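**Q** fold the stuff below for me.
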Amino acid sequence: MSAPPKTVLTVPADEAEAIRQVVRTVDVLTLGPGRERAELKHVPGLVALLRDDRVSGPIYDLPRPIDEDSVTRWVAESQAQALAGEALLIVSLDPAGEVAGYSRVTVWPEHASAELAGAVRADLQNSGQGGAGMARTFGWIFETLGVRLMCLTAALDNVRAQKGIDAAGFVRMGERDALRPDGTFRRSIYWELTRDQWRLRHRL
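**A** Numbering: from 1, shown residues only. Alright, predicted model coming up:
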């Protein structure tokens, strides 16, 4: 289960409501081609994607066991959270219309903060596009959703994700225990980055 950032921001009520409204209404195609808000029609494709341990293995907050029932609940819960302005579950479709990846953005509007999790299909990993895709998504969360702070976690042994997060400019801030849906914990490396730091790094 996602936990708010260690750094707690307090923002005006109108700023928090503006973030909620964007989450409720944003066109996810502005993130990139082939993006759609996850719907129940995507459940079979998500199950096929996430049953591959090369995709889902490093991700702590996925429903388990991964099957049609658990993924259906996950999609439905994410839709309800989107209506509340607190989460976005986005699928990436390949040219054939198959689910090739997903992104889940958890948002805490009252803190103008967000966390990102996601993965791509195994045959698309290590293609050299991961870093660019991560950077585009980080920028979209900051500039389109309007949050001021992002946090990320990665498993201690997930070296590939760690390298990508470090390369994007996120600052390591120790470790934290990530709570899985089954109530167990995974020790994770923890990062944060502010919107101002992102803009300075990218000269926005």
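
**Q** what about the longest helix in this protein?
**A** When the chain is parsed with DSSP state H, its longest helix is helix 68-83.

**Q** ok, and the helix or strand in this protein with the lowest average confidence?
**A** Every helix and strand in the chain was compared by mean pLDDT, DSSP states H and E; the lowest is helix 130-140, with a mean of 80.

**Q** tell me the centre residue of the chain?
**A** The residue lying closest to the centre of the chain (C-alpha atoms, centre = their mean) is residue 116, at 2.5 Å.

**Q** can you tell me, leaving aside adjacent residues, what's nearest to residue 74?
**A** Leaving out its chain neighbours, the residue that sits closest to residue 74 by C-beta to C-beta, 6 or more residues apart in numbering is residue 63, at 4.6 Å. From N, CA and C alone the C-beta is placed, and that goes for glycine too.

**Q** pLDDT weak spots in the protein?
**A** For the chain, applying pLDDT under 70 flags the ranges 1, 126-132, 204.

**Q** could you verify my assumption that the residue nearest to residue 74 touches residue 76?
**A** No: counting by C-beta atoms under 8 Å, residue 63 sits too far from residue 76 to count as a contact (11.0 Å).

**Q** all strands of this structure, in order?
**A** Ranges of strands in the chain, per DSSP state E, are 35-37, 87-93, 99-108, 113-120, 149-155, 171-179, 185-194.

**Q** quick one: residues contacting the closest residue to residue 151 other than its chain neighbours.
**A** Distance criterion C-beta to C-beta, 6+ apart; nearest residue to residue 151, sequence neighbours excluded, is residue 5 at 4.0 Å. Contacts for residue 5 (C-beta atoms under 8 Å, 6 or more residues apart in numbering) come out as 108, 111, 113, 115, 149-151, 192.

**Q** gap between stretch 184-200 and the chain center?
**A** Centre-to-centre, stretch 184-200 and its host chain are 12 Å apart (C-alpha atoms, centre = their mean, to the nearest Å).

**Q** same question, stretch 16-32
**A** 14 Å.

**Q** report the buried residues of that stretch.
**A** Within stretch 16-32, the residues that count as buried by 16 or more other C-beta atoms under 10 Å are 16, 18-20, 22-23, 26, 28, 31.

**Q** how about the residues you listed, which pair is most distant?
**A** Farthest pair in the buried residues of stretch 16-32 (C-beta to C-beta) is 16 and 31. Separation: 22.0 Å.

**Q** that older thread, adding neighbour count and distance to residue 9, write the contacts of residue 5 out as CSV.
**A** Shown next, in CSV, are the contacts of residue 5 (neighbours: other C-beta atoms under 10 Å; distance: C-beta to C-beta, whole Å):
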residue, neighbour count, distance to residue 9
108, 22, 9
111, 19, 5
113, 23, 6
115, 23, 14
149, 25, 6
150, 24, 11
151, 23, 11
192, 18, 11
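
**Q** quick check: the farthest pair among those?
**A** Farthest pair in the contacts of residue 5 (C-beta to C-beta) is 108 and 192. Separation: 13.0 Å.

**Q** understood, closing this out.
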